[in-house]
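> Starting from these lines, generate the structure:
(2 chains)
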Amino acid sequence: MTVDLDKYAKPGKGYYIALGLEGSANKLGVGVIKHNLGQLSTTNRAEVLSNIRDTYITPPGEGFLPRDTARHHRNWVVRVIKKALIEAKIKGTDIDCICFTQGPGMGAPLQSVVVAARTLAQLWDLPLVGVNHCVGHIEMGREITGADNPVVLYVSGGNTQVIAYSKQRYRIFGETLDIAIGNCLDRFARTLKIPNEPAPGYNIEQMAKKGKHLVNLPYTVKGMDLSMSGILAHVEGLAKDMFGKQNKKLVDVESGEPITAEDLCFSLQEILFSMLVEITERAIAHVNSNQVLIVGGVGSNERLQEMMKLMIQDRKNGQIYATDERFCIDNGIMIAHAGLLGYRTGQTNELWNTICTQRFRTDEVFVKWRDD
Amino acid sequence: MTLIPTAEYTAPDVPEGRKFYPGDGEHTTYGHTTQISDVVIKAGGEDRDRPSEAKDTPLGHLRAKLTTIQDQVNVFLTERMKQENLKLSGKEEEDIERRILDDGVDEDDVE
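Prediction:
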């Protein structure tokens, strides 16, 4: 059975347009998406009209504090929305619904952005649609790549989950027991004082390409879950020994060559990504799938994609799907897309029900727009 | 057209309420309670996220006056939080004093 996505279509209008606002972490994103009537398919794809992003960047060695991140979003949101509308060549009155990230994420930045969403909804008399950030990543990844029913690896600064769809829920098969992978990489970047621009994870990836010695680090897969805080503490300890007051020289056991900061970045990536590949492969075996979709900011890491590809190629008709940084890294268009799917099945939020929440698990969302 | 924002605060312990008006004077969109954290500036960061300046229009003036009100509300609420904390810490001190005076005997232990 197919879900009727046009039950709430406006008479005489052949398409829908949604504005999406994202601000759950340090990226402020605004996107405008268009769906034509009918099921989304290879011949009826969602159309990205605009996808604007502005990132709050901190000095090297510093993370982003909720207060300053919220301030960034507050002070840029109007300008970014205007830019998105101009690029999409639309007016407020052309829009069907305003979609916003309701969680999970950092409280203060989420709060800043929802105020903008509420204001626009009242200004233009439009319904609001609260969107789960993780579901936004999944739906946009599926739409862009054409992956039909993949096992999803969701890896970002705040989340690390292996997800598979079953009976109108995105079920979590495995996840981090402590910190997220992006958080682990970002914090190590801070230890090494690697710049936060364009992104700490991207800079680690570039340094890792120059690393050639694998340093022994803990490997902590626990069933379907994984733990990364101990690995971070270990590698941070090594970095402090090497570059702190002790100025300790570490050498590679086999070659006798000195260990460098690049080697530490390389080793950290190799160990963490191996753990991710292991739990993803196990999830694939559980649900008997042969597709993997990688979403979230860390998903744009080419080494992770390469390692995942090696694993999936060993499976019959195995396919890997990933998107580029426009859709992997937090953005407004994914919120617009997932929100519009909700809107098309009658899922809207009354004003009183638009409170954001820092904790909003992926499997709490009723995926009304799928029934496969 | 002049648009003047106001705000009103009420709470069980402030039954008379508290009203905020922007008042006369120069209003800007650069509030003193909504500036970037010192920690960012000390770490060598620069403030690239200043709010845009208010335009010389009724809505622009409203934005600037609203920032003044926001500052007033932030100062008022911060002061209230400080008072609450003081009250709480006072209680804790009293509690420690009681425990010292009672020589480690908790009320729960008294039959």
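> For the residue nearest to residue A:287 when sequence neighbours are not counted, give me its contacts.
Sequence neighbours aside, residue A:164 is the residue nearest to residue A:287 in space, at 4.7 Å (criterion: C-beta to C-beta, 6 or more residues apart in numbering or on different chains). Where C-beta positions appear, they are placed from N, C-alpha and C, glycine not excepted. Residues counted as contacts of residue A:164 (C-beta atoms under 8 Å, 6 or more residues apart in numbering or on different chains) are A:151, A:152, A:170, A:171, A:173, A:283, A:286, A:287, A:289.
> Same check on residue A:159?
A:104, A:134, A:175, A:176, A:180, A:296.
> circling back: got a winner among the contacts of residue A:164 for most neighbours?
Within those, most neighbours by other C-beta atoms under 10 Å in any protein chain shown means residue A:152, with 31 neighbours.
> That residue contacts residue A:171, doesn't it?
No. In this structure, residue A:152 is not within contact of residue A:171 by C-beta atoms under 8 Å, at 10.3 Å.
> Can you classify the residue in the stretch 251-372 of chain A positioned nearest to chain B as helix, strand or coil?
In the stretch 251-372 of chain A, the residue that lies nearest chain B is residue A:330 (17.3 Å; C-beta to the nearest C-beta). Here residue A:330 is coil, with the state taken from DSSP: H, G, I helix; E, B strand; the rest coil.
> Skip the chain neighbours and tell me the closest residue to it.
residue A:27 (4.2 Å).
> Hmm, residue A:328 and the one you found touching each other?
No. Residue A:27 lies out of contact with residue A:328 (C-beta under 8 Å); the separation is 11.3 Å.
> other SSEs contacting the longest strand belonging to chain B?
Looking across chain B with DSSP state E, the single longest strand is strand B:14-20. Packing partners of strand B:14-20 (3 or more C-beta pairs under 8 Å, 6 or more residues apart in numbering or on different chains; DSSP states H and E): strand B:7-11, helix B:58-101.
> now, of the ones you listed, which is deepest in the fold?
Greatest average neighbour count among the helices and strands packed on strand B:14-20 goes to helix B:58-101 (a mean of 13), per mean count of other C-beta atoms under 10 Å in any protein chain shown.
> does any bit of that one sit next to chain A?
No. Using C-beta under 8 Å from any C-beta of the partner chain, helix B:58-101 stays clear of chain A, with a minimum separation of 9.9 Å.
> so how far is that helix from its chain's centroid?
Taking C-alpha atoms, centre = their mean, to the nearest Å, the mean C-alpha location of helix B:58-101 is offset from the chain mean by 5 Å.
> That one to strand B:14-20, inter-axis angle?
140 degrees (axes from the mean of the first three to the mean of the last three C-alpha atoms, to 10 degrees).
> helices or strands next to helix B:58-101 in the packing?
Partner elements for helix B:58-101 (3+ C-beta pairs under 8 Å, 6+ apart): strand B:7-11, strand B:14-20.
> what's the closest of those to residue A:100?
When the helices and strands packed on helix B:58-101 are compared by C-beta to C-beta, strand B:7-11 sits nearest residue A:100, at 24.3 Å.
> Can you tell me, leaving aside adjacent residues, what's nearest to residue 20?
Reading this off chain A. Of all residues not flanking residue A:20 in the chain, residue A:336 sits nearest, at 2.8 Å (C-beta to C-beta, 6+ apart).
> Please refer instead to chain B.
In space, residue B:20 is closest to residue B:7, 4.2 Å off (C-beta to C-beta, 6+ apart).
> you'd agree that neighbour is up against residue B:69?
Yes. With contact defined as C-beta under 8 Å, residue B:7 counts as touching residue B:69 (5.3 Å).
> List the contacts of the residue nearest to residue A:330.
For residue A:27, the contact set (C-beta under 8 Å, 6+ apart) comprises A:53, A:54, A:55, A:56, A:329, A:330, A:331.
> returning to what we had before: which of the helices and strands packed on strand B:14-20 has the lowest mean pLDDT?
For these, mean pLDDT drops lowest on helix B:58-101, to a mean of 84.
> and the angle for that one with strand B:7-11?
20 degrees.
> where are the low-confidence patches of the stretch 1-150 of chain A?
A:1 (pLDDT under 70).
> Now do residue A:76 against chain B, distance only.
Distance, residue A:76 to chain B, using C-beta to the nearest C-beta, to the nearest Å: 7 Å.
> Is that residue part of a helix or strand, or is it coil?
Taken by three-state DSSP, the conformation at residue A:76 corresponds to helix.
> Which helix or which strand is home to the nearest residue to it once chain neighbours are set aside?
The shortest distance from residue A:76 to any non-neighbouring residue, by C-beta to C-beta, 6+ apart, is to residue A:54 (5.1 Å). According to DSSP states H and E, residue A:54 maps onto strand A:47-55.
> contacting residues around that strand?
Residues contacting strand A:47-55 (C-beta under 8 Å, 6+ apart): A:17, A:26-36, A:72, A:76, A:80, A:83-85, A:87-90, A:198-199, A:326, A:329-333.
> Quick one: buried ones out of the residues you listed?
A:17, A:26-35, A:72, A:76, A:80, A:84-85, A:88, A:90, A:199, A:329-333 (16 or more other C-beta atoms under 10 Å in any protein chain shown).
> Tell me which of the residues you listed fall in helices.
A:72, A:76, A:80, A:84, A:85, A:88, A:332, A:333 (DSSP state H).
> Between which two of those residues is the distance greatest?
Counting by C-beta to C-beta, the most remote pair of these is A:72 and A:88, 22.8 Å apart.
> what's in contact with stretch A:101-117?
Residues from elsewhere that reach stretch A:101-117, judged by C-beta under 8 Å, 6+ apart: A:21-26, A:28, A:66-67, A:69-71, A:73-74, A:77-78, A:81, A:98-100, A:128, A:130-134, A:136, A:158-159, A:335, A:349, A:354-361.
> Buried subset of the residues you listed, written for ChimeraX?
Buried residues within those, by 16+ other C-beta under 10 Å, are selected in ChimeraX with:
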select /A:21,22,23,24,25,26,28,66,67,69,70,71,73,74,77,81,98,99,100,128,130,131,132,133,134,136,158,159,335,349,354,356,360
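> From the contacts of stretch A:101-117, which land in helices?
Per DSSP H, the subset of the contacts of stretch A:101-117 in helices is A:66-67, A:69-71, A:73-74, A:77-78, A:81, A:133-134, A:136, A:335.
> Throw those residues into a markdown table and include distance to residue A:116, thanks.
A markdown table is the format used below for those (distance: C-beta to C-beta, whole Å):
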| residue | distance to residue A:116 |
| --- | --- |
| A:66 | 17 |
| A:67 | 18 |
| A:69 | 15 |
| A:70 | 12 |
| A:71 | 14 |
| A:73 | 8 |
| A:74 | 8 |
| A:77 | 5 |
| A:78 | 7 |
| A:81 | 7 |
| A:133 | 16 |
| A:134 | 22 |
| A:136 | 17 |
| A:335 | 12 |
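> closest to residue A:231 among those?
Nearest member of the ones in helices among the contacts of stretch A:101-117 to residue A:231, counting by C-beta to C-beta, is residue A:134, at 23.2 Å.
> that older thread, minimum distance to residue A:223: which of the helices and strands packed on strand B:14-20 has it?
Using C-beta to C-beta, the helices and strands packed on strand B:14-20 put helix B:58-101 closest to residue A:223, at 43.1 Å.
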